[in-house]
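*Asks:* I would like to see how this sequence folds:
(one chain, ligands or ions: 1)
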Amino acid sequence: MNSKLKIGVLGSGKGSNYQAIQEAINAGKLQAETRIVLSDVEDSGILKLARGYGVSAMHVPPGKFMTRLEPEIEEKVAQILKFKSVELLVLAGFMRILKQPLLDAYPRRIINIHPSLLPKYPGIEAWKQALEAGEKKTGCTVHYVDAGMDSGEIIAQSEVPINRGDTPKSLHARIQEAEHKLYPEVIAMIAAEVPSDR
Ligand code: GRF
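*Replies:* Residues are numbered from 1 along each chain as shown. From the prediction side, this is the model:
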């Protein structure tokens, strides 16, 4: 019997959150197993990282839309994840909105991390939005994914101060540090809730 939570990871960028998750798994701090890492960006850092860890990595050409995957492609992604026995889909910097094929295949089993204290500042460059609004604090949020943009039920948040003299870059770096701690912790919490005799 294998009680490790089987995760799939979907990302578009450098993959620092995936790296934090994989390091926690490799250090034995997170009872999970990455079954596959998928990306819509062929030369993304996240795919390179996965290959470096010896984890199955796959590029998924997104099709003709800018903000989502083509439905047939999303359906194929769902099939690949099921084939790989993925139980939880982890979005880590995935820059497209998910639609029904994946949402229906993984109800309440898709999570995302967003660089603000949602519901404040959904959308892109959330750290810049918080800085420009003159906030004294911001942070990051892990939430379930629904059909909206950064709108699903919140699971956990971590606060980060905004210091005088912060630039978008310095603030984003501080938020990312918090993300790298929070995301593996939340996945560990979900892993602990899943029955081991499933
Ligand atoms: C993170 O800041 C996350 O909050 C947002 O996209 C970024 C991904 O960064 N959803 P990385 O690719 O994990 O480094």
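*Asks:* in contact with the closest residue to the ligand within the chain, which residues?
*Replies:* Nearest to the ligand in the chain, going by C-beta to the nearest ligand atom, is Gly93, at a distance of 2.7 Å. From N, CA and C alone the C-beta is placed, and that goes for glycine too. The neighbours of Gly93, taking C-beta atoms under 8 Å, 6 or more residues apart in numbering as the test, are Gly11, Ser12, Gly13, Lys14, Gly15, Asn17, Tyr18, Ile46.
*Asks:* could you do Tyr53 as well?
*Replies:* Tyr53 sits next to Gln22, Asn26, Thr34 when contact means C-beta under 8 Å, 6+ apart.
*Asks:* looking at these, which are in helices?
*Replies:* Within the contacts of Tyr53, residues falling in helices by DSSP state H are Gln22, Asn26.
*Asks:* buried subset of the contacts of Tyr53?
*Replies:* Neighbour counting by 16 or more other C-beta atoms under 10 Å classes Gln22, Thr34 among those as buried.
*Asks:* mind putting the contacts of Tyr53 into a markdown table with distance to Val194 and pLDDT?
*Replies:* Output for these, formatted as a markdown table (distance: C-beta to C-beta, whole Å; pLDDT from 0 to 100):
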| residue | distance to Val194 | pLDDT |
| --- | --- | --- |
| Gln22 | 19 | 98 |
| Asn26 | 20 | 98 |
| Thr34 | 16 | 98 |
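*Asks:* okay, the contacts of Tyr53 in JSON lines with distance to Lys128 next?
*Replies:* Listed next are the contacts of Tyr53 as JSON lines, based on distance: C-beta to C-beta, whole Å:
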{"residue": "Gln22", "distance to Lys128": "28"}
{"residue": "Asn26", "distance to Lys128": "33"}
{"residue": "Thr34", "distance to Lys128": "31"}
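*Asks:* distance to the ligand added to the contacts of Tyr53, as CSV?
*Replies:* Below are the contacts of Tyr53 laid out as CSV (distance: C-beta to the nearest ligand atom, whole Å):
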residue, distance to the ligand
Gln22, 11
Asn26, 17
Thr34, 14
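*Asks:* what strand or helix carries Lys169?
*Replies:* helix 168-193 (DSSP states H and E).
*Asks:* for that helix, packing partners?
*Replies:* Secondary-structure packing of helix 168-193 (3 or more C-beta pairs under 8 Å, 6 or more residues apart in numbering; DSSP states H and E): strand 5-11, helix 16-26, strand 32-39, strand 88-91, strand 110-114, helix 126-132, strand 137-144, strand 154-161.
*Asks:* I'd like those laid out as CSV, including distance to Pro101.
*Replies:* CSV is the format used below for the helices and strands packed on helix 168-193 (distance: least, C-beta to C-beta, whole Å):
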stretch, distance to Pro101
strand 5-11, 13
helix 16-26, 22
strand 32-39, 14
strand 88-91, 12
strand 110-114, 12
helix 126-132, 27
strand 137-144, 17
strand 154-161, 23
